[in-house]
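Student: sequence-free structure coming up:
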């Protein structure tokens, strides 16, 4: 159990277009989902915390108008990169916090590689 | 704000040997959790082991164990009988135990190479 999926696994787009990435908790409910960004050979940097039914909380330095997050249900959160540019090329990872359980553990998706040409 | 420091960008170990990865953290909180995550080439983050700060006993999961020194704010990971499949990037992470803030703060990672 506790599987998190991301779709697509990789996407290539042209500069100026928007890209949507989905994060789903497949077998559990998640009130909170987190979006991370990871550049090559670097650590995960938290971009935003997404709570079901409310606005996302963005980390300092992350443009909320550029990285739109929607958490419409207990199993789905989406990240939309608007007007993508080459510098947005990165590996995006989501995680979902399970509602039940002693440790409120986060489970990670497999990531989405975004390449902006 | 909490910070997590991993001072070893890269480590290597011979297969079947033991290796220890270092992690220190800075916090003013008394209630928190510490984690080690493994990220293999597939990039999938995998939880290796967790430690609750209120527990004095070091956590152990099969070949993986930690040395948790709360006063020193140190949380090292020991991998015994290293296997080729242990080769990965390892991240140490901190999470506050208070309130509804479940955010993880990650260290920069240690790339572990296992030599046959």
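Tutor: Sure, I can see it. From a predicted model like this one, the values you see are computed outputs, not experimental measurements.
Student: in chain A, which residue sits nearest chain B?
Tutor: residue A:108 (3.8 Å; Cβ to the nearest Cβ). Every residue, glycine included, has its C-beta placed from N, CA and C.
Student: burial of that residue, as a residue count?
Tutor: Here the count is done by other Cβ atoms under 10 Å in any protein chain shown, and residue A:108 has 23 residues near it.
Student: can you pull the contacts of it?
Tutor: Counting by Cβ atoms under 8 Å, 6 or more residues apart in numbering or on different chains, residue A:108 touches A:4, A:93, A:94, A:95, B:44, B:45, B:46.
Student: may I have the phi/psi pair for the closest residue to residue A:18 other than its chain neighbours?
Tutor: Counting by Cβ to Cβ, 6 or more residues apart in numbering or on different chains, residue A:82 is the residue found nearest to residue A:18 once chain neighbours are left out, at 4.8 Å. Main-chain dihedrals, residue A:82, degrees, to the nearest 10: phi -90, psi 140.
Student: please apply the same query to residue A:87.
Tutor: Main-chain torsions, residue A:87, degrees, to the nearest 10: phi -70, psi -10.
Student: show me what from chain A comes close to chain B.
Tutor: Applying Cβ under 8 Å from any Cβ of the partner chain, we find that chain A lies next to chain B at A:32, A:34, A:38, A:41-44, A:46, A:49, A:91, A:93, A:95, A:97, A:103-106, A:108, A:110-111.
Student: just to revisit the earlier point, next, format the contacts of residue A:108 as CSV and append secondary structure and neighbour count.
Tutor: As requested, the contacts of residue A:108 are exported to CSV (DSSP: H, G, I helix; E, B strand; the rest coil; neighbours: other Cβ atoms under 10 Å in any protein chain shown):
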residue, secondary structure, neighbour count
A:4, strand, 25
A:93, strand, 26
A:94, strand, 30
A:95, strand, 24
B:44, coil, 15
B:45, coil, 26
B:46, strand, 12
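Student: count of neighbours near the residue nearest to residue A:18?
Tutor: 15.
Student: check contacts around it.
Tutor: Counting by Cβ under 8 Å, 6+ apart, residue A:82 touches A:18, A:65, A:66, A:67, A:68.
Student: wait, the fourth one sits on residue A:58?
Tutor: Yes - the pair residue A:67 and residue A:58 passes the contact test of Cβ atoms under 8 Å, sitting 7.5 Å apart.
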